[in-house]
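K.L.:
Predicted model, plus sequence, below.
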Amino acid sequence: MLRVRDAMDREYARALDVPALARLAHASPAHFARTFRATFGETPHRYLQRRRVERAMFLLRETGTSVTDICFEVGFTSPGTFSRTFHDIVGRSPRTYRREASAASVPTCFTMAWTRPSA
């Protein structure tokens, strides 16, 4: 499971589906999905969405890239899905998050810990 999670962390922007991830884990798709959820507390799809949103949060805070470009850069295929998922995880829209987020002069590790979305 750790190998698959590491692959998801590295390849978050690629189109990853449960059957492909299950092959990495040498398990059937159903068994993989159950085991992943039991191990990490969320489905593989939700974990991948959260990783993409975490990367989007960083890009929104640190760059001037448009929300639409960030959407595609982190692996979403639809700006509407990106905005809805971002709002579900973070609690506000990407545009609101960017407006409210300010790059503080603290180490990046602290900023990441403070702004990490909860599951």
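P.N.:
Noted; the coordinates are in hand.
K.L.:
CA atoms for contacts and neighbours, from now on please.
P.N.:
OK.
K.L.:
Name all residues that make contact with Pro29.
P.N.:
Val18, Pro19, Leu21, Ala22, Arg23 (C-alpha atoms under 8 Å, 6 or more residues apart in numbering).
K.L.:
Run a quick neighbour tally on the last one.
P.N.:
Burial of Arg23, expressed as a neighbour count using other C-alpha atoms under 10 Å, amounts to 13.
K.L.:
Which residue comes closest to it once chain neighbours are left out?
P.N.:
Leaving aside its chain neighbours, Arg23 sits nearest to Pro29 (7.9 Å; criterion: C-alpha to C-alpha, 6 or more residues apart in numbering).
K.L.:
Could I get the pLDDT score of that neighbour?
P.N.:
Pro29 carries a pLDDT score of 94 in this model.
K.L.:
Over to the one 10 residues further on?
P.N.:
Note on Thr39: pLDDT of 95.
K.L.:
any idea how far Phe58 is from it?
P.N.:
From Thr39 across to Phe58, the span is 26 Å (C-alpha to C-alpha, to the nearest Å).
K.L.:
Over to Gly80?
P.N.:
Distance, Gly80 to Phe58, using C-alpha to C-alpha: 19 Å.
K.L.:
just Ala101 next, same as before
P.N.:
Here the criterion is C-alpha to C-alpha. By it, Ala101 lies 10 Å from Phe58.
K.L.:
buried sites along stretch 91-102?
P.N.:
Residues of stretch 91-102 classed as buried by neighbour count (16 or more other C-alpha atoms under 10 Å): Arg92, Ser93, Pro94, Tyr97, Arg98.
K.L.:
Pull the contacting residues for the third one.
P.N.:
It stands for Pro94. Pro94 makes contact with Met57, Leu60, Val67, Ser83, Phe86, His87, according to C-alpha under 8 Å, 6+ apart.
K.L.:
Pull the distance from the helix ranked longest in the chain to the chain's centre.
P.N.:
Among the elements of the chain assigned as helix by DSSP state H, the one spanning the most residues is helix 44-62. Relative to its chain's centre, helix 44-62 lies at 3 Å (C-alpha atoms, centre = their mean, to the nearest Å).
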